[in-house]
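# Turn this into a structure:
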Amino acid sequence: MSAGAPIHRPDPANGPGHLGGTSAGPAACGWWPLLLCAGCAAGLPLVGVAIAGPVLGLPVLGALALAGLALGLPAAHRLQRHLAAVGSPPAAAMPQTLAHLQAIANASDDVILAKDLQRRFVFINPAAAASLGCQPSEVLGQLDEGWLSAESQALVARHDAQVLASRQLMTFEETLQSPGGEFLVSSTRGPLLGADGTVVGVFCIARDVTAQRRAEQALHESQAWLGLAMADGGQTIWQLDLRQPRVLFSTEAARQLGLTPNMPDGLALTPEAAQALVHPDDRSRVRAALSRTKREGVPYREQYRVTRVDGRQLWLSDRGCLIRDDTGQPLRLLATVHDVTAQRLAEQQRADAATRWHFLFQQSQDAVYLLDLQGRLIEANPAFAALLGRPVDAVAGLHIGDWDLDLPSDCAQREALRDSHSIDSRISRWQLAGGRVGEVETRVQRVQHGDEPVLLCSSHDVSAQRAVAQRLRSSEQRLALALAATGMGVWEW
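This is a model prediction of the structure:
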């Protein structure tokens, strides 16, 4: 490159960031350099960039070229060498090609810019200028200082230096401060080559990933909150992929089943393997519920037993729904799982206790019955009905005053029965079978019946026992009087 070669500025008349040219066009240089760069790791398309040599005072003409992703970086390098070998395209074709490439660069939402070795902007598209808070015409030919904060400028200079030293494409993730605010970019930077292969500057293609990173962070936080909430509630997640098909268990769900995750985010099983975990007696019911949800779209809800690999049996409760794609086709079935083993065991224990209670209740020789706190009969066994001389179905709804002749007039006793939490015993006169009045001993305890406090009573007729005791006391009294009259005494040995 001649030290006295003129520097050609971009032609503002041709639009922002336009790559201007002079009469020393491609025909004068014999071949035109094409620098191809791979898209950055953030997913930029493979973009070929060539910067206009006349802008730098070089006897070359730059161009922008876009290559498909399928080329890959090695293929791009081969294409670069091939173009250098075959020489420049016809000069007549260049203006239209440059116009097309210029339009593509200006329409791109990605940042595209280039600087010479003196760090002056020689090309910048509107998206890049907007990120700096200015127009392209305000930047071209200017040094890259003052557009970013000092810290951001130092970071960019350091990355440019790395690229120039290595002469390779490099991808960076940069947090930059400009007059337009703070933004995060994923940038691919590469050396800008002249016709003779020497480095004449550096280019950058970048994408603002601020919104993407914020969305990823929000997703990460929401997943963390969801995981925490589900862990506190003892819940896990599984989903049935209807297109694979396969069942995906979260890591927590796999551990719940005693299985080892086979993926970073959980466990994948075939539907048949997942069904095999379900207890044989519950399997057909679960399969039918899943089929109905897939067929009709109704919510899925089921409880079933599974057997862990260690042999321990769990009760699980599933609640799920069908997820459809944009066309309305079933995509997956997503469900939460709650371990309800303790709840089901407690329910079974209550059921067993109720069965035992019912057996004892029905078979007891004593009259056993439940009263509410107002003295109304809730339930009674056959012995109670027999004691009153009534059919079993005729005692429902009776009040204690209908058979206890003493209680209605004994307010203190009535209040004691209602408020006592200990077992109390009393004897009162009852209206018994056959119209007779008998003495009945009753034991009363306040207990819970469902959500309500009730009085559990057990009564038996002590009329005969009390009559025998009374006769015995009368006999003892007569004997004592007779002995006193004769002057005789009684002794025991």
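# all contacts plus neighbour counts: C-alpha atoms, from now on.
Will do.
# Identify the bridge partners of residue 317.
Beta-bridge pairing for residue 317 (DSSP bridges): residue 303, residue 338.
# Could you measure from it over to residue 340?
According to C-alpha to C-alpha, to the nearest Å, residue 317 and residue 340 sit 6 Å apart.
# and if you look at residue 136?
Residue 136 is 65 Å from residue 340, by C-alpha to C-alpha.
# Compare these two and say which is more crowded by neighbours.
residue 136 (22 against 18; other C-alpha atoms under 10 Å).
# wait, that one sits on residue 121?
No - here residue 136 does not reach residue 121: they are 9.6 Å apart, not a contact under C-alpha atoms under 8 Å.
# Just give me how far whichever strand or helix holds residue 137 sits from the chain centre.
Here residue 137 sits within helix 136-139, counting by DSSP states H and E. Computed by C-alpha atoms, centre = their mean, to the nearest Å, the chain-centroid distance of helix 136-139 equals 48 Å.
# what's the model's confidence in stretch 368-380, averaged?
Stretch 368-380 comes out with an average pLDDT of 91.
# For that stretch, C-alpha coordinates in PDB please.
What follows is stretch 368-380, C-alpha atoms only, in PDB (Å, rounded to 0.1, in the frame of the first residue of the first chain):
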ATOM      1  CA  VAL A 368     -74.100 -48.300  72.800                       C
ATOM      2  CA  TYR A 369     -75.300 -45.100  71.200                       C
ATOM      3  CA  LEU A 370     -74.200 -41.600  70.200                       C
ATOM      4  CA  LEU A 371     -75.800 -38.300  71.300                       C
ATOM      5  CA  ASP A 372     -75.200 -34.800  70.100                       C
ATOM      6  CA  LEU A 373     -74.600 -32.200  72.700                       C
ATOM      7  CA  GLN A 374     -78.300 -31.400  72.800                       C
ATOM      8  CA  GLY A 375     -79.100 -35.000  73.700                       C
ATOM      9  CA  ARG A 376     -80.500 -36.000  70.300                       C
ATOM     10  CA  LEU A 377     -79.800 -39.600  69.300                       C
ATOM     11  CA  ILE A 378     -77.400 -39.900  66.300                       C
ATOM     12  CA  GLU A 379     -76.800 -43.700  66.100                       C
ATOM     13  CA  ALA A 380     -77.600 -46.700  68.300                       C
END
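# Please state the offset of it from the chain centre?
So, by C-alpha atoms, centre = their mean, the centroid of stretch 368-380 is 49 Å from its chain's centroid.
# Residue ranges of each domain in this protein, please.
Domains of the chain are assigned by automatic domain parsing as 12-208, 236-344, 364-467.
# What lies in contact with the helix or strand following the helix holding residue 137?
Counting by DSSP H and E, the next helix or strand C-terminal to helix 136-139 is helix 150-166. For helix 150-166, contacts defined as C-alpha atoms under 8 Å, 6 or more residues apart in numbering pick out 145, 169-170, 172, 174-177, 189-191, 199, 201-202.
# Counting neighbours, which of those end up buried?
The neighbour-count criterion (16 or more other C-alpha atoms under 10 Å) marks 169-170, 172, 174-177, 189-191, 199, 201-202 among the contacts of helix 150-166 as buried.
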